[in-house]
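Q: sequence and predicted structure, then a few things I'm wondering about:
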Amino acid sequence: MPDNQGYLSGIRYLIHMGAPHEHTLPSPGNEIRFIHTADLHLGTPFTGISKFSPEFGKILADATYQAFEEIVSLAIREQVSFLVISGDIYDSEERRIYGQLVVRKQLQRLSDAGIRAYIVFGNHDPLNGWSAHISWPEGVHVMGGDAPEVAYFPSDDDRRAVIVGMSFARKAISENLAIQFPQKGRDWPVTIGLLHCTAGAGNGHEPYAPCSVQDLAASGYDYWALGHIHTPVVLRENQPAIIYSGNPQGRDFGECGPRGCYLVTLSGNGTGVHEFIETCQIRWEEHEISIEGMEDTDALITAIEDAIADIRENSGEKGTICRFTLTGRGPVHAVLARDKATDDILDAVREGECPSPGFVLTEKLIDRTEHPFDRESVACRTDIVGDIIQISDLLMQEGDTDTMQGALSELYNNARMKRYLEELTGDDIGALVREAETYLLDQLVGDDAE
Amino acid sequence: MKIRGIHIDGFGIFHNRSLSDISPHLTIVLGDNESGKSTLLVFIRRVLFGFPSKRKGGNHYEPLNGGEQGGRIEITTDSGREYEVLRHEKKSKGLLIQDAEGISAGNTLSLVAGGADQAFFENVFAFGLGELESFDTLSDDAVQNRLMSAGAGATKIPVPEVQKLLDKRIEEYYKKGTRKTRVPEILKQISETEGTLSTISETQHEYDSLSTEQREIEAETERLVAEKREMERSLRRNENIIQIWDEWVTVEETEETLSSLGMPESFPDDGIHQLDMADAEIGHAEERVRERTKRLGEEVSEAEKITIDEQVFREQDRIRTLEKTLPLREADCTSLPEINADLNVLEKAFTALLKSIDPRWTTETLLSFDTSLPAQHRVLRYQKHLEEISTQKASFNRELQQYESLLSSENDAIERRSGELPAGISTPSEEDLQAQEHALVELTAALPALEQKTKDLSSLREDAAKRADTFREQAARTKVHLPAWPGYLMAGAAVAGLGIGYVTDALLLGALFCAVLSIAALVYLKAAGAASQKSPGFPEEETSGAGISHLIHEKREEITELENRVRRLAERCGFQGIPASHAVSERRIELLDLRKAFEKRTAITGEIAHRQQTITGLENKISVLHGKMGSKDTEEERVYAEWQKWLDGAGLDLSLSPSSVEIIFTLSERAGEKYREMHALAAKKEEKIRAIDAFSDEVTAAIHACSISPRGSPAADVGALTEALEEQVARRSTQDGHIKEIERLRREARQEEEIIAVKKRERRNLLESGHAGTRDEFLNHAEATEMHKECIRRRTEAEHRLKTAAENPAVYDAFLEELRQTDIHELADINATISSRVKEIEGEITILQQRHGSVAHRLRGMENEDEAVLLRMNAAALTGDLNDAARQWAKLVIARIMLRKGIEKYEKERQPAVFREAERYFRSVTGGRYIRVIQPLGSDRILVEDREGRRIPATLLSRGTAEQLYLSLRFGYITEYGNHDEHLPAVFDDILVNFDPDRRQRSCEAIAELSETNQVIFFTCHPDTAQMLQSARPDAQLIEL
């Protein structure tokens, strides 16, 4: 399983799926090699990021397409037999024409290289969504949505593998599709199941087509190529291997970690290996930087630049979008408290960064720093400074959010704004209280609180 | 902060005024009206907080007595730091704060005054009666802000300002009903982006229909293009026919003409032209022949007219030579007088030189005088030698003089020193003197010894007597035996010491040593003697008297010996007998004088001897020099003799010196040069004369040979000869010219005739080639041939154009047939119709292309998804910005809530502290009549509560009581402010005038109490008030203006 803590692009993790012959790799003669990918979400915009330059915007806009192109190139390089895509090729039911043309173009490359493609659609691109009339290249098989469909590779007459799949006929599928899949036939060679579903917990995704690992294992297939969960995860190592390939390109800070596809090799006796291969063009990283011990913003900028340099060094020429949360106490806090200070620092660290291989785009600087003084001793002051800290504590303890919610409803309950504004939870209010306290103390006393 | 001193440069009535004895507690400034009390108060305010603009009204306290408006205040902060606050009205000077060392500490008043500003300070701390009378000044917002901030403890920004800042920041982000804030603006951007996206999404569905439409447009366009192409082809074909119709007609016509035209078999190309050319050339040639013939006759005639004189030609060379040499000969004639003149000059110079060398000299003498280099060197050697000798002799002379001078001075010195020898004193020799001195020393030592011995002897004798008596007494008591040998040993040592002192020239020491030991020996022996008398065990001592007698005897012998010695010594010293001590001392002095004289004499004689040695040396040197001089003289005479001999040999005056002879050499050389020059010039003159004569002879010969009459001078003759020759030469040349021309003309005439013959032959051939015998016939044939060619040409051209119009050679015949069948008049109408249709088709195609472009553009837009993805990403980014902005707004709103709560708490819990302080002061000042001061929440009214519990608004109090209340409130503010910020000095300007004596007294006590925490400077013109203050605060400082 790839290490989520680090980025080791190009390094393959060989997972042995075998039993009964534990140390036997499949013989080259009757093995089937294919690429498993899913959740391409072509054309999806990156979310949760702040404004960027048009040059970077172009790169971000192309990222998902680039990742898919990389997968197709990989398939051609590895001379696999076919490519399976487990749903959510597109980001919406309204398939973008550009996306469709890209898919067509890449599938045409596969077709030209003699590689087939087996596709199921998911909740984001169900069959009842709109698409332009663009003909698929030869060798592309799209599974229907009425019932699981069986396709033979390479043909009905020459059956070296069986792919069974089912697309989402509509967006919200709440029934268990897995149990509708037929059992593996006695004369079936290696059988691959292709499904966009929620197997197990779901990890925050919508629980479409829910099923259990047992439901999938019961089919007797050799491999389940699943889609819907964006983080690559192996639910089951073997007999059968049940794997979510994850999306080949992370789209926001919630999708950090390596993203890619699986190169799977199955032999006729059921043994096989699956290798995770990173294909993302852009990574997401979040870091914390403490201002402890820093005397001025130059030190802070230097620390940020050092962190950026480390990221760049470890990036393997992939682009990185990073976010730094500034923490700790120190005199630099007073500078950060000034209006647009973090924006200015952000501009400074972004300066000179251009969309070239190995770029590191600092998306945001989040100021969570605090005053250098001891809050407890300042709270004992018998003046408004101490009062404010006490009031802040009181608000936190009593959870007196009603007053604040009432004051904030003017904006947050505004009909036009509500669509776009995220609701403030209790934790959010609490964090805001602390930020408000910091802000007030900055204004009232600066660094001279003690 | 406390004021230590005030220094005014110029302000109002003050100039260069200082107040330095200001108490850190209470200072009373007492002065009459217009003594400057208010001026001082205002000065303090202005230095701390600045000078108002001159444009504003009011008293600016211009310096009335000079100085620069402004000054400085020395202050000490609560933390103990000392500063000087300087300010002058001139902006360039501004506020300057310096520390104790004079180093600038900046120009921020908060450094010393904390958070107070001018309004606050003037209304709360530094005020007069006017401010006191009105409570409004205390309720001023600026004052209240400062008080609140002071109570709040904030030092950076006052709380109300923070409130305002919050409100402003909140509204920057969002304000209900306002669109020009950040959040609505972001929302607007999001809406616009989504609108654009929506448009893009809507158009996406048209993709298929647009694709179909695109294909239909392309098909229809293709069809119309094909139709147009076909029509254009027909049109072209018809236009082609119209264009080449004339050609077709031409072909028909030329065919007809050719068939009717008769033509010779052949005809030369360009025959007519050739014929014309031939005729023209023949004509030209004949014309040239005629011309030449004519000119030939003329030339012959001219040539026969010219005659040549051969004689002159024969003399040609001679005449040329004479012509060339004539200028030289004329120059020679011209230069002869000059040469003669130069020759005379040279002769005179030469003669003068000879005379200057020696009047007796002749030319032969000069020529025979050897001026060669060897001769010159010889003379030089003589000169050098003689000079050398002279130099050496001069040196010897100088040396000699020097020595003689030294000799004289030495002799003088000897004479002088001899005169210094001591006279009248006969000094002994050194040995005698030394012997006397030694003897005297010994004598000096011996005399006391002798005296002592003598005394000893006396003592011995006395002692002997006594001892004889006592010995007997003691002998019975004690029998002690002391050996005598130690005593003798000591005596011997004494003598040895003396001898050693004598030998080592330490006679005095030796004598002393000897004396001491002698005495010791004597004492011992005496004791020993006494002991032996006492002790019966001492066989040597028979009786004390015998021992003593022995000693006495010995002593006597010693004395005798010593006396003898002393006499000898005295005799040596020149005494008779044994001298007294004083005589010895006198002798010592004499010997010292003698010693001095001896030494002096010795020194002088020594010096004289040394000088004599020097003299001897000098005399020797002089003698040597004289010898050298003699040698040099001898040598000089020898060399001079040689020189004389040489002069004689050279024929020169014997008195000449070598340097003079050098001059003679120079003159001789010059004279020699002159002579040579003279000789050369004479030779030149002779040569010129010879050349002139020869030339004249030659000219005469030539004249005769050419039979020309002489002209009287060689030059004229030569001119005549030259003219004659030139003339003949010209004639010959002209004649030769004619002859050449005649030959040329004949040659050309022959050539022309040959050309004519050739051309006639060619003409005959041309006519034959055109099958003609005559020119006319030939022309006729030419015309016919031309016509035939023209027809052929026209026909060929027309056919070529027809073939071009036909385009394809394979269909040419069919084309021709078509032409035959075509009615040219109908064709134009057909073409007009076709053109019209083509235009229609073009219009339709244009419309279709525009439509196609539009559809393609829309399709491309859909296929190039960049804009939509970027827009969606922008929308997502804007949404993120919106949430960030909303969050910022929320943070600020919460901050405002918190700040409000803080202010409420301050108003509820802390502000009363001010009133508690004020209450205390007010109670004290009013003597307890009023016990409370109240400000209800939410109200700016002040109430006072009397001891009966009645609450009375401040506005209803009497003036004096109200002033006391306001004063108490100020005290409360001052006290409370000091709890949180810098203690500022309170400056009061006669604020108690409206108080009755009792309350005034209590107010003074309150002021005294205030001065415990804050410095108070009280200005007054009332001495009783000053006394009250001093009573309340005995250590108060009083300053009288």
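A: Alright, I've got the coordinates. Note that this is a predicted model, so its numbers are computed, not measured.
Q: now do the contacts for B:Ser84.
A: Let me fix one detail, which is that residue B:84 is Glu and not Ser. B:Glu84 sits next to B:Arg72, B:Ile73, B:Glu74, B:Ile75, B:Ile97, B:Gln98, B:Asp99, B:Gly102 when contact means CB atoms under 8 Å, 6 or more residues apart in numbering or on different chains. Yep, even glycine has a C-beta here, placed from its N, CA and C like the rest.
Q: swap that for A:Gly87, sorry
A: Contacts for A:Gly87 (CB under 8 Å, 6+ apart) come out as A:38-39, A:120-125, A:167-168, A:195-196, A:227-228.
Q: wait, A:Arg170 sits on A:Asn128?
A: Yes - applying CB atoms under 8 Å, one finds A:Arg170 in contact with A:Asn128, separated by 5.1 Å.
Q: roughly how far does A:Asp91 sit from chain B?
A: Separation of A:Asp91 from chain B (CB to the nearest CB, to the nearest Å): 9 Å.
Q: now do the helices in the stretch 701-850 of chain B.
A: Along the stretch 701-850 of chain B, the stretches classed as helices by DSSP state H, counting those that start in this stretch are B:714-769, B:775-806, B:812-821, B:824-863.
Q: and the first one, what does it pack against?
A: For helix B:714-769, the packing partners by 3 or more CB pairs under 8 Å, 6 or more residues apart in numbering or on different chains; DSSP states H and E come out as helix B:271-305, helix B:310-314, helix B:316-357, helix B:658-705, helix B:775-806.
Q: chain A: which of the ones you listed is closest?
A: helix B:775-806 (50.6 Å; CB to the nearest CB).
Q: which residue does the stretch 301-450 of chain A have closest to chain B?
A: A:Asp383 (2.8 Å).
Q: chain B contacts on the stretch 301-450 of chain A?
A: Residues of the stretch 301-450 of chain A lying close to chain B (CB under 8 Å from any CB of the partner chain) are A:339, A:381-388, A:391-392, A:395, A:403-404, A:407-408, A:410-412, A:416-417, A:420-422, A:424, A:429, A:432-433, A:435-437, A:439-440, A:443-446, A:448.
Q: helices - which of those land there?
A: Among those, DSSP state H puts A:384-388, A:391-392, A:395, A:403-404, A:407-408, A:410-412, A:416-417, A:429, A:432-433, A:435-437, A:439-440, A:443-444 in helices.
Q: buried subset of the residues you listed?
A: Neighbour-count burial (16 or more other CB atoms under 10 Å in any protein chain shown) applied to these gives A:384-388, A:391-392, A:395, A:404, A:408, A:411-412, A:417, A:429, A:432-433, A:435-437, A:439-440, A:443-444.
Q: which strands and helices lie in contact with the longest strand along chain B?
A: Ranked by number of residues, the top strand in chain B under DSSP state E is strand B:2-11. Where contact means 3+ CB pairs under 8 Å, 6+ apart, strand B:2-11 is packed against strand B:14-19, helix B:37-49, strand B:70-76.
Q: JSON lines for the ones you listed, including distance to B:Arg746?
A: Shown next, in JSON lines, are the helices and strands packed on strand B:2-11 (distance: least, CB to CB, whole Å):
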{"stretch": "strand B:14-19", "distance to B:Arg746": "137"}
{"stretch": "helix B:37-49", "distance to B:Arg746": "136"}
{"stretch": "strand B:70-76", "distance to B:Arg746": "131"}
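Q: reformat the ones you listed as JSON lines; add distance to chain A, mean neighbour count and mean pLDDT.
A: Listed next are those as JSON lines, based on distance: least, CB to the nearest CB, whole Å; neighbours: other CB atoms under 10 Å in any protein chain shown; pLDDT from 0 to 100:
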{"stretch": "strand B:14-19", "distance to chain A": "34", "mean neighbour count": "18", "mean pLDDT": "92"}
{"stretch": "helix B:37-49", "distance to chain A": "22", "mean neighbour count": "22", "mean pLDDT": "89"}
{"stretch": "strand B:70-76", "distance to chain A": "22", "mean neighbour count": "21", "mean pLDDT": "92"}
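Q: tell me which of those lies nearest to B:Ala468.
A: B:Ala468 lies closest to strand B:70-76 among the helices and strands packed on strand B:2-11, at 106.5 Å (CB to CB).
Q: quickly find the element holding B:Arg467.
A: helix B:430-477 (DSSP states H and E).
Q: how far out from the middle of the chain is that helix?
A: Put simply, helix B:430-477 sits 101 Å off its chain's centre (CA atoms, centre = their mean, to the nearest Å).
Q: and what of stretch A:297-309?
A: Here the centre of stretch A:297-309 is set off from its chain's centre by 27 Å, with CA atoms, centre = their mean.
Q: what separation do you get for the residue of the stretch 151-300 of chain A at minimum distance from chain B and A:Arg283?
A: Chain B sits closest to A:Asp252 of the stretch 151-300 of chain A, with a gap of 8.9 Å, by CB to the nearest CB. Distance of A:Asp252 to A:Arg283, computed by CB to CB, to the nearest Å: 12 Å.
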